[in-house]
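> next one to model:
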Amino acid sequence: MKIAEIAKRTTEFVVYVHDFYGPEGIYPMGATIRTICDATQTLLESVEDWKEIQFDSLDRERVRDIMIHEHGLVFPGEGHQSMFVNHYKCYKCGKTWTDTYECQVDDDCPHCGARHCTPEHSEDCPMRYQVVVGNIGTVTDTNNPVDARRDYGEYKRQSESGYGRAGGETVTLFKDGEIDLEHIGSNDIEDEDGLADNS
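Have a look, this model is predicted:
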């Protein structure tokens, strides 16, 4: 893929993400073009072979998560408790997938990039999210991923600052008992290196 083509498709992807998460987007997080560009760059740096990049099927939710966890943006609808698992079938390629949203919303096919596929059916989200902080224990237990990710981000910031009960502690977000995100606190890094003060 030529550099000009990469630049063109990256620009189209950034605009597409902005349509979802910009100030006037479907989910208005207040994301600026600059923030989306930075988050997209972070995502692209995780790809080993640029020839494999398919901008039309890049996961905009991964970019959203980068903006939440690295840029401090907050997903809207913090008070919503109902989430839906939407089941999709692409009208273009016929492949199926599921995605979780706080409403029954159209999605873009992750396989071929076809836009605005309508869910065939939806169901209440059965997932459980827990945030666990090293020396405190479970601080959040909810079925709302928005609340869980917000709390994870807040405790991660406290851990990084070194202040308060969560200062320097490891913060973990579990989704249905499996680790979804984890920040290793400086206290645990010091323990592993044998540098912790045991007095």
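> okay, CA-based contacts and neighbour counts for the rest of this
Noted.
> nearest to the spatial middle of the chain, which residue is it?
Of all residues in the chain, the one closest to the mean position by Cα atoms, centre = their mean is D65, 2.3 Å from it.
> three-state assignment of that one?
helix (DSSP: H, G, I helix; E, B strand; the rest coil).
> and it, what is it in contact with?
Applying Cα atoms under 8 Å, 6 or more residues apart in numbering, one finds that D65 lies in contact with no residue.
> how close does it sit to L73?
For D65, the distance to L73 under the criterion Cα to Cα, to the nearest Å works out to 9 Å.
> how about the secondary structure of V17?
Look at V17: counting by three-state DSSP, its state is helix.
> give me the neighbour count for the closest residue to it other than its chain neighbours.
If the residues on either side of it in the chain are set aside, V17 comes closest to R60, at 6.2 Å by Cα to Cα, 6 or more residues apart in numbering. When neighbours are counted by other Cα atoms under 10 Å, R60 registers 23.
> you'd agree V146 is up against H69?
No. Taking contact to mean Cα atoms under 8 Å, the distance of 12.0 Å between V146 and H69 leaves them out of contact.
> comparing these two, which residue is more hemmed in?
For V146 and H69, the more surrounded residue by other Cα under 10 Å is V146, and the numbers stand at 22 against 18.
> now the helix or strand that one falls within: buried residues?
Per DSSP states H and E, V146 falls inside helix 145-161. Neighbour-count burial for helix 145-161, counted by 16 or more other Cα atoms under 10 Å, picks out 145-153, 155-160.
> what comes into contact with that helix?
Everything outside helix 145-161 that qualifies as a contact, by Cα under 8 Å, 6+ apart, is 68-69, 72, 74-75, 77-79, 129-131, 133, 140-142, 164, 166-173, 183, 185-186.
> list buried residues within those residues.
Judged by neighbour count, with buriedness set by 16+ other Cα under 10 Å, the buried members of the contacts of helix 145-161 are 68-69, 74-75, 129-131, 133, 140-141, 166-173, 183, 185-186.
> so of these, which ones are in strands?
By the criterion of DSSP state E, membership of the buried ones among the contacts of helix 145-161 in strands covers 129-131, 133, 140-141, 171-173, 183.
> could you dump those to a markdown table with pLDDT and distance to T35?
Formatted as a markdown table, these follow (pLDDT from 0 to 100; distance: Cα to Cα, whole Å):
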| residue | pLDDT | distance to T35 |
| --- | --- | --- |
| Y129 | 85 | 27 |
| Q130 | 90 | 28 |
| V131 | 92 | 26 |
| V133 | 93 | 28 |
| T140 | 88 | 28 |
| D141 | 86 | 30 |
| V171 | 93 | 25 |
| T172 | 94 | 25 |
| L173 | 91 | 24 |
| H183 | 91 | 22 |
